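Q: sequence first, then the predicted structure, then my questions.
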Amino acid sequence: MKHVFNDCFGEGSIFCKAKVISMEKRLSQVIGEYDQIIVAIGSEWDWISTGIKGDERYQELIAFCEEDSNKWLLPIIEFEYGYYNNDDRIDEAYKALRKLIGNKPYFLISEIFIHDALLNGFDEKYSVYPCGNYRYLQTTDENDNLLDVTITEDFNVLVDKIHKIITEKNGHLTGEENFAKPFQDGKNLFLNQKRLEYSNIKYNESAYLENWGMYTQFLSNTMGKSLLLLELGVSLNYPTVIRWPFEKVVFVNDKAHLIRVHEKLYHHTPEIKEKTDSIKMNSVNYILQESEGL
């Protein structure tokens, strides 16, 4: 396979770049050398965001959401797309990733909202989604309870309306459409997600806090033990969630090693140069490649 060694941009640089060279070990062999593994899933695995941009039926709706007053609607359009579509290749990659991990103690942390990992072999007890989900709705009051999307009538009426525009009108808008925000008990409802469209809304963290506690406990128990951090397609949208903490763990734990895989954002800091493999490659392709023959 092709891994990459590290080379800094120049003296004083805070990032390192990568040179692609051949290495004998495959990912399965590397995983076998470590006692524990933490897997991070990033935006390269977000098939909803990428798929909807390439679907011609959704382009008028996406353009409609570019207006500031309509931005709130885009997350619900993405929900509709995810509900009625699927990406078999992503499912295959998750299954391959779970097979590569095998019986190793693991924890999965994700910066995306889609819980596909839980449908493809990963245990919910050992997974955490701190940036949000497609399961729940929230109000603007972080102290309110979350609501299940499947039983919230206003939300489902809006999803059905979007779906009819896609299926019956091929996504064409007449200009007379009226999209009302989901509403219950006197309050507007929003998907329980931390995202730019909801920048003025306090994100309700209650859905993930229990699993976050288990994740931090798992992480604290890795100190001084051989640990592999496998970072797959993680963006810079939430660097304090995965990227920076991973680099800190590798820096302070002498037995930790980071594999960072991304088409563009594969760089790392020079302080962890000797303990990092940076791989310039789409992380989904990487996992599918490394699972061949297993």
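A: Cool, got the structure. Residues are numbered from 1 along each chain as shown.
Q: where does residue 228 land in three-state SS?
A: What DSSP: H, G, I helix; E, B strand; the rest coil gives for residue 228 is strand.
Q: all the helices of the stretch 101-250 of the chain, in order from the start?
A: 116-119, 153-168, 209-220, 243-252 (DSSP state H, counting those that start in this stretch).
Q: make JSON lines out of these and add mean pLDDT, mean neighbour count and distance to residue 277.
A: Every residue, glycine included, has its C-beta placed from N, CA and C. JSON lines is the format used below for the helices of the stretch 101-250 of the chain (pLDDT from 0 to 100; neighbours: other CB atoms under 10 Å; distance: least, CB to CB, whole Å):
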{"stretch": "helix 116-119", "mean pLDDT": "97", "mean neighbour count": "18", "distance to residue 277": "22"}
{"stretch": "helix 153-168", "mean pLDDT": "97", "mean neighbour count": "16", "distance to residue 277": "42"}
{"stretch": "helix 209-220", "mean pLDDT": "97", "mean neighbour count": "14", "distance to residue 277": "20"}
{"stretch": "helix 243-252", "mean pLDDT": "92", "mean neighbour count": "18", "distance to residue 277": "11"}
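Q: need those in JSON lines (columns: distance to residue 228).
A: Formatted as JSON lines, the helices of the stretch 101-250 of the chain follow (distance: least, CB to CB, whole Å):
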{"stretch": "helix 116-119", "distance to residue 228": "17"}
{"stretch": "helix 153-168", "distance to residue 228": "40"}
{"stretch": "helix 209-220", "distance to residue 228": "13"}
{"stretch": "helix 243-252", "distance to residue 228": "10"}
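Q: need phi/psi at the residue most central in space within the chain.
A: Note on the chain: the residue nearest the mean C-alpha position is residue 112, at 2.6 Å, using CA atoms, centre = their mean. Backbone dihedrals for residue 112, given as degrees, to the nearest 10, come out at phi -100, psi 170.
Q: please tell me how far it sits from residue 170.
A: According to CB to CB, to the nearest Å, residue 112 and residue 170 sit 28 Å apart.
Q: residue 260: which element?
A: Assigned by DSSP states H and E, residue 260 belongs to strand 256-262.
Q: could you point out the helix or strand that follows that strand?
A: Using DSSP H and E, the helix or strand that follows strand 256-262 in sequence is strand 276-280.
Q: quick revisit: contacting residues around the strand holding residue 260?
A: Contact with strand 256-262 is made by 27, 30, 34, 42, 44, 222, 226-234, 246-247, 249-250, 266-268, 272, 275-283, 286, as judged by CB atoms under 8 Å, 6 or more residues apart in numbering.
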